[in-house]
Structures are given as structure tokens and as C-alpha cells.
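> fold the stuff below for me.
(one chain, ligands or ions: 1)
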Amino acid sequence: AEREVVVGVYQNAPKITADADGQPSGILGDLLGEIARSQQWQLKPVQCDWAYCLQLLQAGEIDLLPDVAYTEQRALQLDFHETPALYSWSQLYTAPGVSLNSIEQLAGKTVLVLQDSVQQHYLQRWSTESGIAVQLSTVRSMPEAFALLSAGQAEVVAANHYFGQAQRNKYNLTQSNVIFQPSRLFYATKKGYNQDLLTVIETRLAQWQSNASSPYYQVLQRWGTNTPQRQVPQYVWLILAMLSSLLLLALAGAWWLKRQVSDKTRHLQVSEDRLNTILNSVDAHIYIKDIKGRYQYVNRKVAQLFGCEPAEAVGRRDDAFFDAASSANIQQNDQKVLQLGERLVEEEYNTSLDGEQSHTFLSVKLPLRDNRGHIYALCGISTDITELKQHQQEIHQLAFYDVLTGLPNRRMVLERLKHAVEFKQRQTDSAQGALLFIDLDHFKDLNDSLGHAMGDQLLQQVAQRLQTHLRKVDTLARLGGDEFVVLLTDLHPDIELSSQKASLIGEKIVQLLAEPFELQERPYTISASVGVAMFSDGCNSDELLQRADLAMYDAKDRGRNGVRFFNQQMQADVSSRADIVNGLRLALAQQQFVLHFQPQLQRDAGVVGAEVLIRWQHPTEGMIAPAHFIPVAESSGQIQAIGRWVLQQSCHQLAEWARWPETANWYLAVNISARQLHSSGFVAEVSKVLQDSGARPQCLVLEITESQLLQDIDSVIAKMQQLTALGVRFSLDDFGTGYSSLSYLKRLPLRQLKIDRSFVRDILTDPNDKAIIKTILALGQSLELAVIAEGVETDDQYQKLLQLGCQQFQGYYFGKPESLDVFMKNCK
Ligand SMILES: Nc1nc2c(ncn2[C@@H]2O[C@@H]3COP(=O)(O)O[C@H]4[C@@H](O)[C@H](n5cnc6c(=O)[nH]c(N)nc65)O[C@@H]4COP(=O)(O)O[C@H]3[C@H]2O)c(=O)[nH]1
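Coordinates of the predicted model:
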């Protein structure tokens with residue numbers, strides 16, 4: 001049976017067209033006719049325009065379509081035989097008057113193309129990839145396109161060269177030399193259908209193309225294409241293909257590059273924006289300077305500091321923004337980075353050009369290197385640490401300076417002292433040093449009387465006065481309260497000379513502070529005691545301070561308002577005092593105290609009583625006199641317990657004496673310390689002891705000294721009155737040595753004045769002492785007080801006292817302080 005083959009036919013002479021009967025004609029039509037005849041196929045032509053033909057083929061409406069250029073796209077839907085039926089290429093044809101030498105000149109022109117043709121697809125892709133806008137206008141057939149072009153409706157038409165060659169003269173068109181897209185033309189079938197047709201066509205074409213007298217070449221001749229398909233030499237095709245590929249590649253490359261560049265540019269811009277946002281929002285000054293110190297980049301923070309826009313800073317150097325000293329320093333740091341190529345971290349103190357603003361920066365600078373490692377710039381990050389520095393300064397000020405006077409404080413001077421001492425110990429031949437300890441005399445009285453605000457004012461004035469008179473190298477510091485020290489570190493290496501100098505400075509300080517100050521617009525006079533300790537071998541700073549302190553106390557002990565140098569005796573005193581304090585702790589518990597009794601006599605009556613005097617029977621040191629331990633016990637507070645014990649023992653003794661007629665009226669004079677007298681429970685304590693012992697209060701005489709009355713006199717008087725009410729008597733010891741005032745003497749419920757033994761001692765030789773004794777006796781008479789003279793050692797003294805009218809006596813002349821047994825024996 002005949003094979004019916006439905007063939008699509010469209011107008012594209014000379015390749016394909018329909019003859020008068022509608023049968024396929026043209027090169028490919030005739031060729032198909034020849035094959036059909038040889039195969040007894042019955043061709044059923046379907047007239048269609050190109051695009052429609054393609055649609056019909058894809059839809060399976062037609063079996064075979066001639067003149068289909070191979071493309072990969074089409075190969076997805078269509079099947080092709082292997083040997084091309086024809087080789088062709090595309091060419092551009094122009095309307096009269098339009099010239100075209102290169103494909104780029106298509107820009108802005110309207111180009112007619114056959115719808116769904118390879119030309120349309122090629123030019124569309126080229127336009128997109130090259131970025132050259134071409135207006136493509138599609139037509140249904142090539143004759144239509146040529147007609148439109150010749151009618152001036154368009155400027156260019158893209159056609160396969162077979163059609164163009166054959167028709168251009170008819171339409172009066174010009175063939176440009178722009179050729180493109182070499183293509184191979186085939187008969188095509190719908191994918192998967194009519195493979196048999198293609199097999200036959202392939203066989204025929206392969207046979208015929210290798211035979212010059214075959215129907216293939218006859219058909220070609222018939223259609224005026226004398227040029228057999230291979231007439232265009234192979235190499236032209238190759239070149240054309242290469243050129244075209246190259247062009248495509250170049251265009252694709254250009255397009256790709258352009259895209260890359262624009263992508264990169266866009267990315268760069270995004271990155272730069274992002275980076276700028278970060279750089280401008282961080283709290284640091286970030287900049288880049290070239291090797292000549294010119295800013296290449298500054299972030300917003302730097303621009304704010306410079307008071308300009310970031311762009312305005314670029315190209316300028318630091319001397320445009322900072323004063324000369326600052327910019328010189330910055331430049332020096334920059335050079336270190338640029339020349340040594342090292343990272344630098346430095347504090348920079350920069351002052352603005354007008355000198356009005358100063359900031360401290362912590363700057364980190366690093367070199368920037370190119371690919372070859374050459375430094376071409378530096379990058380700096382500077383953080384403003386001005387506030388931090390101020391805080392540090394404040395903290396330092398608080399930690400090392402005294403708030404009231406602004407002087408270095410204890411901590412600072414001790415640190416300096418430590419360094420100075422250590423330095424001196426390392427370099428023994430270096431300058432000598434000394435520490436002067438200054439304490440204001442009776443500063444507490446000022447505080448108590450005028451208040452702390454006045455006290456503070458005085459301390460400030462003292463600090464100021466001392467500071468203005470001391471040299472810069474000397475450290476004046478306030479230790480606290482009214483204590484100041486001066487550290488001298490550059491004295492002459494010779495110890496003699498340096499001690500003289502330190503002494504002079506100490507004296508000068510005493511003099512300076514003795515001059516009146518002004519408080520509440522009134523002159524105020526104060527004095528100071530100064531202790532001096534010279535740097536010496538093996539003495540550390542703490543010991544030195546202690547030594548100066550001891551010396552100062554010694555100056556106080558010696559009447560204040562003077563200078564004392566530390567000596568080893570002071571040290572010995574201190575350690576012996578420590579021994580005493582420790583020993584006293586055990587003494588009471590271990591019953592190491594004993595009482596001695598010294599007789600007191602009444603003129604014409606003999607012994608009337610005794611003074612009780614304590615002794616310390618030390619287990620190793622032997623008998624210790626009260627002068628050695630009573631003052632220590634006073635200052636250590638141990639006197640209270642000791643005093644209570646003395647009182648208890650005395651009262652027991654009185655109670656014991658009360659049992660015997662010859663001693664029943666004897667009294668005992670007991671020394672009362674200041675601490676005892678001022679303690680709040682003193683009255684209760686005495687009355688309890690009296691009660692417990694059963695002693696008669698009238699026989700108890702409490703000896704107090706004038707100095708104990710200086711403080712809190714009203715309360716002392718009240719206590720004395722309460723005890724007097726019980727019957728207890730009071731005697732004022734050491735009378736005449738202090739500054740008794742008649743006014744309070746009258747208010748005190750005293751029974752007796754005791755003439756100090758220093759007056760008695762010289763009564764025969766010193767008319768003054770004699771006059772004093774006379775006065776005391778007269779005073780006693782007028783105040784109705786008994787007067788007893790103590791320290792009577794000789795008969796001459798006794799006679800003189802009798803002569804002056806003294807009635808009562810105590811002294812070695814009558815009897816030394818002895819144990820109770822000895823005392824009692826002596827009295828018999
Ligand atoms: N050169 C000389 N000295 C004479 C003579 N007659 C007496 N004395 C000494 O003079 C001191 C008199 O005691 P005081 O002035 O109360 O001075 C006492 C008193 O202030 C204190 N004291 C003694 N016992 C006690 C006590 O139990 N309690 C308190 N708080 N102090 C006491 O110790 C001080 C010294 O006492 P003592 O060493 O016993 O020294 C005694 C005594 O031995 C004399 O003719 N020539």
C-alpha cells in the first residue's frame with residue numbers, strides 16, 4: 001500500500017514552495033518528490049505559513065515538514081535525519097537607502113523576521129545578551145517581509161540567504177554583508193513519529209549527495225542553485241561558524257562581564273554602605289592616613305571631632321586640626337607605624353587647633369600593605385578616654401590625697417617613704433632622708449570649744465602655711481586628725497649635717513605654727529610638737545614612722561611646742577612599757593602587789609595616819625616603784641582594777657585598826673588616779689568598798705592631784721560632794737605645782753592641801769619655795785583647810801615648817817614607806 005505522507009508546504013522559494021497543483025516544489029519540495037516517487041509515497045501537501053506549519057507538525061497534523069533548521073530547542077520536540085538536506089545561513093537585507101555594515105548598527109532599527117524562525121530566536125537572544133535594543137517585527141512569510149521592506153514599512157529584514165538571493169532584486173533590496181547563524185536544513189517529523197520517513201530520507205540523501213548525477217544535484221540545478229551545497233567551500237563554513245561562535249562568545253563574554261561588573265559594583269556599594277553604617281555608628285574614631293600623613297578616610301566620629309564633613313577631612317593633615325605639640329606627637333607615632341611597620345598602641349593627648357578642647361585618646365595604629373607587602377597607609381582606631389582618665393585621676397586623688405587639705409594622705413606618704421627608705425638602703429652614699437612628725441598641741445580643745453568646722457579651717461590653714469614654706473622636693477602630708485608629716489629626702493649624706501638641717505626645718509615648722517592663725521576673723525594661737533627620725537640602717541618605713549611618732553610624743557612630754565629627735569632610749573621606753581603592760585595583766589591575779597605605809601604626823605600628837613603606797617613585787621625584776629608602772633597602768637586602763645584593789649586593802653586595814661583603841665582613829669590616805677576619779681561608777685565603788693569592809697568613812701582620805709581637776713570639774717565636784725556626804729575626806733596632792741585657781745579651790749569639798757615635796761626640799765635654801773609654803777599655809781588657814789608637808793627629810797626642814805606654822809608632816813625624817821609589819825613596829 002502506498003504510504004500517505006502529509007507534508008507541510010510554505011512559501012520560501014527557492015527552498016520550498018507549492019507548485020500550481022499545490023504539490024511541494026522548490027529544492028526541498030522536488031527532492032521530497034523524488035524520494036516519494038522512489039518509495040511510492042503519496043504526498044498530501046498542507047499549505048501553511050511557516051509558524052503554522054511548525055505548529056501543525058508539533059501537533060502531529062502533518063507528518064513531515066521540509067526546510068527546518070536544526071536547533072537544540074527544536075530537537076526536543078522534533079526528530080531530524082542526520083545528513084543535512086541543505087546548508088544555509090542568515091543574512092540581513094536592507095530597504096533602499098539604508099546601509100548596514102555591522103550587526104551593532106541594528107540598534108534602534110526595526111527588523112522583520114519570520115515568526116518562530118531561527119532568525120527571530122537568534123536576534124532576540126543577541127539583543128538581550130548584547131544589550132543592544134532591536135525592534136523585531138514578525139511576519140508570517142518571507143515574501144510578505146520583503147514586500148513590507150520594499151514598501152518602506154521597515155528598514156531591515158533577516159532572511160535565509162536562499163530566499164534573499166533569489167528575491168532581493170525583485171523587491172529592490174540591498175544585501176548587507178552581515179551574515180550570521182549558519183544552519184543546517186532538514187526534513188523534520190514530530191518527535192517519536194514517522195521515524196520510517198526519516199530513515200528513508202537519510203538513506204536517499206546520503207546516496208545522492210555523494211553522486212554528482214543524482215536527482216539531488218539535478219534538483220539543485222533546476223532551481224538555479226548551480227552551486228551545489230558544497231559550492232561554498234567547507235573552510236568558509238568553518239570560518240563562518242567560528243566567527244559566529246566567536247562573536248557569540250564575545251557577546252556572551254561582554255554581556256557576562258558587564259553583568260559581573262554591575263553585580264560587583266552593586267555588591268561593593270552594598271558592602272560599602274554596610275561598612276559605613278558600622279564605621280559611623282561605632283564609638284571610636286577610625287581613619288586611614290597615607291604615608292604623608294594625609295587623611296584618606298575618616299569616619300563620622302572623626303569628622304565631628306574636626307568639625308567638618310568626612311569628605312572635607314580627606315587630604316588634610318593633623319596640623320589642620322590639632323595644635324603644634326599634638327600634631328607633632330601624632331606624627332611621631334604615625335612614623336613609628338609607617339617606618340617600623342609595627343602595630344602601635346599609645347595614649348595620645350590631643351589639643352584642638354584653637355586650644356579650647358583637649359582629649360585623651362587610646363590609639364591603636366596599624367600599617368596597611370599592598371600585595372607586594374609595601375606599606376602605603378596606616379589605619380588608626382582611637383578611643384576617647386578623656387572621661388576615663390578623669391575618673392582615674394579622681395580615684396587617684398581620693399585614694400592618695402587628703403580631701404580636707406588637698407595634701408598627700410597617709411597612704412601616699414607611706415608609699416613615698418617606703419621607696420625613699422629602700423632607695424637609701426640600696427645606695428648608702430646617696431642623700432640622707434628624715435621624717436618629721438608634726439602634731440598640733442591641744443588641738444582637741446579647739447575642736448571642743450569652737451567646733452569641728454573651725455578645727456577643719458585651722459587644719460587647712462596649717463597645711464597651706466607649711467606648704468608655702470617647704471621646698472617642692474619635700475613631701476608634706478596629712479596623716480589624719482591634727483597629725484602631719486614632712487618627708488625630707490635630699491639632705492646631705494653626712495648624718496651630722498643632715499641632722500642639723502632636719503633640726504632647723506623642725507624648728508622652723510614650730511616657729512611657723514606658733515604664729516597666730518585667723519579663725520572667725522580673730523587671731524588664734526596654737527603650737528606644735530615635732531618628732532624627727534633620721535633614715536638609718538635596717539629601719540623600714542613603718543619603724544621610721546613609729547620613731548618619728550615617739551619623738552613627737554617625747555616633745556609633747558617635754559612641754560610641747562618643740563622639736564625632739566628620736567633616740568634609742570625612747571625605743572627602750574616603749575618596749576619596757578610594753579613589758580609592763582603585759583606584766584600588769586598577771587600581777588593582780590598572782591597577787592604581786594603589796595602596800596607600803598608611810599606615817600603622817602600631827603604636831604604634838606605623833607602618828608595620826610599613813611599614806612598607802614603601792615609596790616609591785618615582780619617575780620624576776622624585784623620590787624618595782626609605782627613611778628614605773630602607775631603611769632603605764634593609767635594609760636593602759638589597768639589602773640582602775642589596781643586602784644580598786646588598793647582601796648579594798650586600805651579599807652580592810654582601816655576596819656582592822658578600828659578594832660584597837662590606839663589605832664581606831666588612824667586614817668589612811670589613798671592615791672586616786674584620774675581615771676578612777678572620772679569613771680562614772682567611782683562613788684558607788686567607794687561606798688561599796690566601805691560597806692563591804694566596814695571601815696569608817698571618816699578615816700579614809702582620798703588623795704587627788706590638781707591636774708585631775710582640769711577636766712570635767714563640775715562632775716568631779718559632784719562626786720566629791722557625794723563622797724564627802726558619806727564622811728570621806730579629800731586631800732589635794734602635789735599642791736603648788738599646778739595652776740590651781742582659787743575660784744574652784746573654794747568650790748571643792750577639800751579637807752587638806754599637801755605641800756609638794758619639791759618646795760619642802762629647798763625650803764632652807766630657796767626663798768621662793770619658802771614664800772610658796774608660807775602662802776599655801778596662809779591659804780589653808782583662810783579656806784579652813786589642813787595643810788600637810790610631804791617629803792620632810794631633815795630636822796632643819798621640820799623645824800622651818802614648824803616655824804612657818806605647818807601642823808602636819810610626812811617624810812623620810814619620820815618614816816619611809818614600809819610594809820605593814822614594819823610600819824606597825826615603828827609606830828609602837
Ligand atoms: N625623796 C623623798 N621622797 C619621799 C619622801 N617621803 C615620801 N616620799 C615619796 O613621795 C611619794 C609620795 O607619794 P605621792 O606624791 O602620792 O606619789 C606617788 C603616787 O602618785 C603614786 N602612787 C603610789 N601608790 C599609789 C597608788 O596606790 N595608787 C595611785 N594611783 N598612785 C600611787 O606613785 C607616786 C610615787 O610613790 P612612791 O615612789 O612611793 O613615792 C612616794 C614616797 O615614797 C621623802 O622624804 N623624800
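> show me where this structure dips below the pLDDT cut-off.
Along the chain, the model assigns pLDDT under 70 to residues 1, 225-252, 254, 537, 738-743.
> mind doing that once more with 80?
1, 224-260, 537-538, 707, 709-711, 736-745, 828 (pLDDT under 80).
> show me the domain layout of it.
3-232, 282-390, 404-566, 583-827 (automatic domain parsing).
> let's have those in CSV, adding distance to Leu275 and mean neighbour count.
(Each C-beta comes from the backbone N, C-alpha and C, glycine too.) Listed next are the domains of the chain as CSV, based on distance: least, CB to CB, whole Å; neighbours: other CB atoms under 10 Å:
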stretch, distance to Leu275, mean neighbour count
domain 3-232, 30, 18
domain 282-390, 10, 16
domain 404-566, 48, 17
domain 583-827, 76, 17
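> wait, which of those is closest to Leu257?
Ranking those by proximity to Leu257 (CB to CB) places domain 3-232 first, at 11.4 Å.
> so how far is stretch 45-65 from its chain's centroid?
86 Å (CA atoms, centre = their mean, to the nearest Å).
> hmm, I typed the wrong one, I wanted stretch 724-731.
Taking mean C-alpha positions (CA atoms, centre = their mean), stretch 724-731 and its chain are 72 Å apart.
> got the contact list for it?
For stretch 724-731, the surrounding residues in contact (CB atoms under 8 Å, 6 or more residues apart in numbering) are 667, 669, 686-687, 690, 696-698, 700-704, 720, 723, 748-754, 788.
> so which residue of the stretch 651-800 of the chain comes closest to the ligand?
As assessed by CB to the nearest ligand atom, the ligand sits closest to Asn671 within the stretch 651-800 of the chain, at 3.4 Å.
> roughly how far apart are that residue and His596?
According to CB to CB, to the nearest Å, Asn671 stands 12 Å off from His596.
> joint contacts of those two?
With CB under 8 Å, 6+ apart, Asn671 and His596 have common neighbours 612-614.
> of the residues you listed, closest to Pro182?
Ile614 (139.6 Å).
> which residues does the closest residue to the closest one other than its chain neighbours contact?
In space, and not counting its chain neighbours, Ile614 is closest to Pro626: 5.3 Å by CB to CB, 6 or more residues apart in numbering. Going by CB under 8 Å, 6+ apart, Pro626 touches 613-616.
> which ones among those residues also lie next to the ligand?
613-614 (CB under 6 Å from any ligand atom).
> hey, C-alpha coordinates of stretch 107-127 in CSV?
C-alpha atoms of stretch 107-127 as CSV (Å, rounded to 0.1, in the frame of the first residue of the first chain):
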residue,chain,number,x,y,z
ALA,A,107,20.4,49.3,17.3
GLY,A,108,17.1,51.2,17.3
LYS,A,109,16.1,49.7,13.9
THR,A,110,13.1,47.6,13.1
VAL,A,111,14.0,44.2,11.7
LEU,A,112,11.5,42.0,10.1
VAL,A,113,11.7,38.3,10.9
LEU,A,114,9.7,35.2,10.1
GLN,A,115,7.7,34.2,13.1
ASP,A,116,9.2,31.3,15.1
SER,A,117,12.1,31.3,12.8
VAL,A,118,15.7,30.7,13.8
GLN,A,119,16.5,34.3,12.7
GLN,A,120,13.9,35.5,15.2
HIS,A,121,15.3,33.4,18.0
TYR,A,122,18.9,34.3,17.2
LEU,A,123,18.3,38.1,17.0
GLN,A,124,16.2,38.1,20.2
ARG,A,125,18.9,36.3,22.1
TRP,A,126,21.6,38.5,20.7
SER,A,127,19.7,41.7,21.6
